[in-house]
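Undergrad: give me coordinates for this.
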Amino acid sequence: MPNHKLVCLPFAGSGASFFRNAQSPAGIDILPIQLPGREERFGDAPSADLHVTVGDIARQVRAENAPETRVLLFGHSFGAILAFELARTLGDVVDHVFVSGSPDPWNPRAERATGLTDEQFIAQVETFAGYSHPALAHTELRTIILPTLRGDVTMHESYTADASAIIEAPITALRGSDDVLVSEQDVLGWSKATTGKFTLQTVPGGHMYLTDRLNETLELVATLANTADAE
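TA: Numbers count the residues shown, from 1 in each chain. Predicted coordinates:
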């Protein structure tokens, strides 16, 4: 397998520390992406423009990568959309795109959280995710997190890919076996987003399976990338 960097894109509201705490699979360096408005970039204003955000991410990847380094992309839910658009931006340095817990880029979910009051917004996001972020239960932390979370949700809910948005890199879609928010049919739509190979990988858990199985998931990603290289 060539020298690879696994670029990990955050799900809505999350920071790079989620992936920094993971164990890097053998032979692969993890590059956790930090979006503005969180952790060490707290002083940077969160963006609600997906294309501006993807441009920011692309600069981070290029700054961290040696010219000979090949790139794998992994993103969960909102991060899956970021991964897809980043693949379009980076082009042929991307060897494989792993999209997790997300319908295809042309069929976003019908239910929305944008524009709701804080309480309604939090309840709706928790319904979408099937997961409650512990920090949202604390008033002070909620005040810090909400602008970033709202920005991410706005980007996600306002996004629909161009009809011609197709990449050459193979796509592997991952879905929790008990995910009631994203169906297998939703995930299979990703097959139309690549001219390369498409595969579906089902893993144990619900929509936010990643929060309980991060290391196992990244090991699986590395194994699947190795297998694809060997074919």
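Undergrad: in which helix or strand would I find the spatially closest residue to residue 99 that is not a sequence neighbour?
TA: Excluding its sequence neighbours, the residue lying closest to residue 99 (CB to CB, 6 or more residues apart in numbering) is residue 80, at 3.8 Å. Where you see a C-beta, it was placed from the backbone N, CA and C, and this is true even at glycine. Taking DSSP states H and E as the criterion, residue 80 maps to helix 78-90.
Undergrad: then residue 22?
TA: Under DSSP H and E, no helix or strand contains residue 22.
Undergrad: I figured it hits residue 214, correct?
TA: Yes. With contacts counted by CB atoms under 8 Å, residue 22 reaches residue 214, the gap being 5.0 Å.
Undergrad: can you give me the buried ones in the helix or strand of the chain with the lowest mean pLDDT?
TA: Ranked by mean pLDDT, DSSP states H and E, the helix or strand of the chain with the weakest confidence is helix 118-129, at a mean of 77. Neighbour counts over helix 118-129 (16 or more other CB atoms under 10 Å) mark 121, 122, 124, 125, 128, 129 as buried.
Undergrad: tell me the contacts of the closest residue to residue 197 other than its chain neighbours?
TA: Counting by CB to CB, 6+ apart, residue 197 lies nearest to residue 170, which is 4.2 Å off, once chain neighbours are set aside. Residue 170 is in contact with 96, 97, 194, 196, 197, 198, 199, 228, counting by CB atoms under 8 Å, 6 or more residues apart in numbering.
Undergrad: you'd agree residue 31 is in a strand?
TA: Yes. Assessed by DSSP: H, G, I helix; E, B strand; the rest coil, residue 31 belongs to a strand.
Undergrad: what residues are up against it?
TA: By CB under 8 Å, 6+ apart, the contact set of residue 31 is 5, 6, 7, 8, 60, 61, 64.
Undergrad: do a quick rundown of the helices in this structure.
TA: Assigned by DSSP state H, the helices in the chain fall at 17-20, 50-64, 78-90, 118-129, 139-157, 184-188, 214-230.
Undergrad: could you single out the most deeply buried of those helices?
TA: For these, the largest average neighbour count (mean count of other CB atoms under 10 Å) is found in helix 78-90, namely a mean of 25.
Undergrad: quick one, that helix and helix 139-157 angle?
TA: Going by axes from the mean of the first three to the mean of the last three CA atoms, to 10 degrees, helix 78-90 is angled at 50 degrees with respect to helix 139-157.
Undergrad: picking that back up, ok, and what's touching the least confident helix or strand of the chain?
TA: Contacts of helix 118-129 (CB under 8 Å, 6+ apart): 12-13, 77, 109, 111-113, 116, 132-133, 136, 142, 146, 149-150, 153, 181, 207-208.
Undergrad: and what of stretch 152-162?
TA: Counting by CB under 8 Å, 6+ apart, residues outside stretch 152-162 touching it are 10, 12-13, 35, 46-50, 53, 77-78, 81, 84-85, 105-106, 108, 112-114, 121, 125, 193.
Undergrad: give me the distance between the two termini of it.
TA: 20 Å (CA to CA, to the nearest Å).
Undergrad: so for it, mean pLDDT?
TA: Averaged across stretch 152-162, the pLDDT comes to 87.
Undergrad: can you check stretch 37-52 too?
TA: 88.
Undergrad: how about it as PDB, C-alpha atoms only?
TA: Extracted in PDB, the C-alpha atoms of stretch 37-52 (Å, rounded to 0.1, in the frame of the first residue of the first chain):
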ATOM      1  CA  GLY A  37     -15.300  27.900  15.700                       C
ATOM      2  CA  ARG A  38     -14.200  25.000  17.700                       C
ATOM      3  CA  GLU A  39     -11.300  23.900  20.000                       C
ATOM      4  CA  GLU A  40      -8.000  25.700  19.000                       C
ATOM      5  CA  ARG A  41      -9.900  27.500  16.200                       C
ATOM      6  CA  PHE A  42     -12.600  28.800  18.600                       C
ATOM      7  CA  GLY A  43     -11.700  32.400  17.700                       C
ATOM      8  CA  ASP A  44     -12.400  31.800  14.000                       C
ATOM      9  CA  ALA A  45     -16.000  32.600  13.000                       C
ATOM     10  CA  PRO A  46     -17.900  29.400  12.000                       C
ATOM     11  CA  SER A  47     -18.900  29.300   8.400                       C
ATOM     12  CA  ALA A  48     -22.400  28.500   7.000                       C
ATOM     13  CA  ASP A  49     -21.000  28.200   3.500                       C
ATOM     14  CA  LEU A  50     -20.100  24.700   2.500                       C
ATOM     15  CA  HIS A  51     -17.900  25.600  -0.400                       C
ATOM     16  CA  VAL A  52     -15.900  28.100   1.800                       C
END
